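Trainee: The following comprises the amino acid sequence and a computationally predicted model.
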Amino acid sequence: MPTRALWTLRLSVAALALASARDAWVPGSAVNGWLFMKAGLSERVAASADQVGAAIMVGVMVSALLRPSRVAMWAGATWFLGLALARWDHPGEAADHLAPISHAVRISALIALALLANERTQSAPRNMVAAGWALVVGTALTFCGHGIEALAHSGPFVDLMIGTARRWTDLRLAQATAEDLLTLIGLQDLLLAGLLLTRRWRWVAGWMALWGLATALSRVTSMGMDSWHQSVLRLANGGAPLTLFLAWPHLARPDPVPLKP
C-alpha cells in the first residue's frame with residue numbers, strides 16, 4: 001500500500017483511539033452505562049471496564065503511530081464493537097439502534113490496519129485486497145447509518161446544522177429548513193454508500209472523504225473547541241475513504257513490492 005495511504009489510515013486510527021480513550025476515562029463510555037444500568041454490575045466494576053478500555057485505546061494510539069501491531073488493532077476493534085453494541089442495547093432513550101452500522105468505519109479502520117500490520121503483509125495482495133474491502137464495507141455502512149439518521153431528521157443532526165449556521169454566519173436557520181437539507185444529505189449519503197459498494201469509482205471515495213471530514217468537524221463548528229474530542233473521534237469517517245482514494249490503483253492491482261510505512 002502506498003505510504004501516503006498507509007499513514008492516512010494510521011493517523012485516522014490514532015486520532016479515534018485518542019478521543020475514545022478520553023471518553024472512556026473522563027465522562028464514561030457506553031460500556032460503562034450498559035454494565036451498570038443493564039447488566040446490573042456495580043459502579044466500581046463498570047468504571048474498571050472503562051479503565052481497561054482507555055488503556056487499550058492508548059495502546060492502539062501508540063501502536064498506530066510507532067509500529068502497528070495486530071494484537072493492539074484487534075483489541076481496539078473489539079472495544080469499538082463493544083461500544084457500538086452497548087449503545088445499541090442501552091436502556092431507555094440513550095439507545096442508538098443504528099450504532100453498529102454508524103460506527104462500522106471505526107471498527108473497519110482498525111481491522112484494515114491489523115491486516116497491514118507489518119511490511120510483509122502490506123505488500124501481500126490478499127491482505128491489501130482484504131484491507132481495502134474492510135474499508136469499503138465499513139465506510140459504506142457508516143454512510144448508510146448516517147443517511148438513515150439524516151432522513152429521520154435526527155435531533156442532534158438538526159442541532160449541528162442550526163448551531164453551525166448561528167456560530168459562523170448571521171443566518172438563523174429555521175428547523176424546517178434544516179430538516180429539508182437533512183433530507184438531501186441523507187439521500188446523498190445513501191447514494192454514495194451504494195456507489196462505493198457497487199460501482200467502485202475512485203471519485204466517490206474522494207467525495208466521501210471530503211464530506212466525512214466536514215461532518216466530523218461540524219461538532220467543533222457547532223459547539224466550539226470544547227467538543228474537539230467528538231470531532232477527532234469521527235475523523236475516520238473521512239480518513240477511511242481518503243485512504244481508499246489514495247490507495248485505489250494499488251487496491252485494484254496490488255503492488256508486490258514491499259513498501260515501508
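Mentor: Nice, I can see it.
Trainee: Return the alpha-carbon coordinates of the helix or strand containing residue 107 using CSV.
Mentor: Element membership for residue 107, per DSSP states H and E: helix 104-115. Extracted C-alpha coordinates of helix 104-115, given in CSV (Å, rounded to 0.1, in the frame of the first residue of the first chain):
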residue,chain,number,x,y,z
ALA,A,104,-18.7,0.5,11.4
VAL,A,105,-15.9,2.6,9.9
ARG,A,106,-14.1,2.8,13.3
ILE,A,107,-14.1,-0.9,13.6
SER,A,108,-13.1,-1.5,9.9
ALA,A,109,-10.3,1.0,10.1
LEU,A,110,-8.6,-1.0,12.9
ILE,A,111,-9.3,-4.2,11.1
ALA,A,112,-7.7,-2.8,7.9
LEU,A,113,-4.6,-1.7,9.9
ALA,A,114,-4.4,-5.1,11.6
LEU,A,115,-4.2,-6.7,8.1
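Trainee: That helix - contacts with which helices or strands?
Mentor: Helix 104-115 is packed against helix 3-25, helix 70-88, helix 125-151, helix 236-252, with contacts defined by 3 or more Cβ pairs under 8 Å, 6 or more residues apart in numbering; DSSP states H and E. (C-beta placed from N, C-alpha, C; glycine too.)
Trainee: looking at these, which is closest to residue 110?
Mentor: Of all those, it is helix 70-88 that lies closest to residue 110, at 4.0 Å by Cβ to Cβ.
Trainee: quick check: angle from that closest one to helix 104-115?
Mentor: Counting by axes from the mean of the first three to the mean of the last three Cα atoms, to 10 degrees, helix 70-88 lies at 170 degrees to helix 104-115.
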